Structures are given as structure tokens and as C-alpha cells.
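S.K.: fold the following.
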Amino acid sequence: VENILQVGGFGCVSCQAVVAGTLQKSDGVEGVTYEPETGTYLVTVNDDFRMDEVAEQIRSISTEYNRRLGLPDSPDWVLKEV
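M.R.: The predicted model follows:
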């Protein structure tokens, strides 16, 4: 295990499902655990993980998801290393 990431800001259950699915399918992801007390995911990754690629996927998905929900001014979902 090389890195642990934290992903947060996803208030709705369907948003959480979209994010979890995206993270679990990403190269280099070894584990995804949702932390309900903080509303974040802890993501365990290895050296194959590419932060910039997955962060862009998350941003792209959030833009489309918010557009479909009629929430164009909603903030982008964020993936950051902690």
C-alpha cells in the first residue's frame, strides 16, 4: 500500500454509488471504504494509480451528473490526497 486518498463532498446516495464505482474500476485502486461519520471515501492505491487521470474522471462525471439533475451551479466533486 503506497497511498491513502480521501474523497468527500458527496451528499446523496446515488452520487456516492457513482463515485464508488468509478474509483473501484480505476487502475491502481486496491480498496474503497466509505466513512459515514466524515462523509468521505478512503481509497487505498498502489503505484499504478494515476491521481490526475482519476481526478479528471471524477470531475467529468460530476459535471454530467449535476447537469442531468438540473444543478449546473453545483460544485465539482473533488478527489484529493490527504
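S.K.: closest to the centroid, which residue in the protein?
M.R.: Of all residues in the chain, the one closest to the mean position by CA atoms, centre = their mean is residue 19, 4.5 Å from it.
S.K.: identify each buried residue in the helix or strand encompassing that one, please.
M.R.: For residue 19, the host element (DSSP states H and E) is helix 13-25. In terms of neighbour count (16 or more other CB atoms under 10 Å), helix 13-25 has its buried residues at 15-16, 18-20, 22-23. The C-beta positions use only the backbone N, C-alpha and C, and glycine is treated the same way.
S.K.: how about those residues in TSV, adding distance to residue 75?
M.R.: Shown next, in TSV, are the buried residues of helix 13-25 (distance: CB to CB, whole Å):
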residue	distance to residue 75
15	12
16	16
18	15
19	14
20	19
22	17
23	19
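S.K.: ok, which pair from the residues you listed is furthest apart?
M.R.: Greatest spatial distance in these: 15 and 23, 12.5 Å, computed using CB to CB.
S.K.: before we move on, back to that, out of the buried residues of helix 13-25, flag the one nearest to residue 46.
M.R.: Lowest distance from residue 46 to these (CB to CB) belongs to residue 23, with 13.5 Å.
S.K.: quick one: residue 43 and residue 61, what's the gap?
M.R.: Separation of residue 43 from residue 61 (CB to CB, to the nearest Å): 15 Å.
S.K.: roughly how far does the residue nearest to residue 62 when sequence neighbours are not counted sit from residue 53?
M.R.: Nearest residue to residue 62, sequence neighbours excluded (CB to CB, 6 or more residues apart in numbering): residue 77, at 3.8 Å. For residue 77, the distance to residue 53 (CB to CB) stands at 15 Å.
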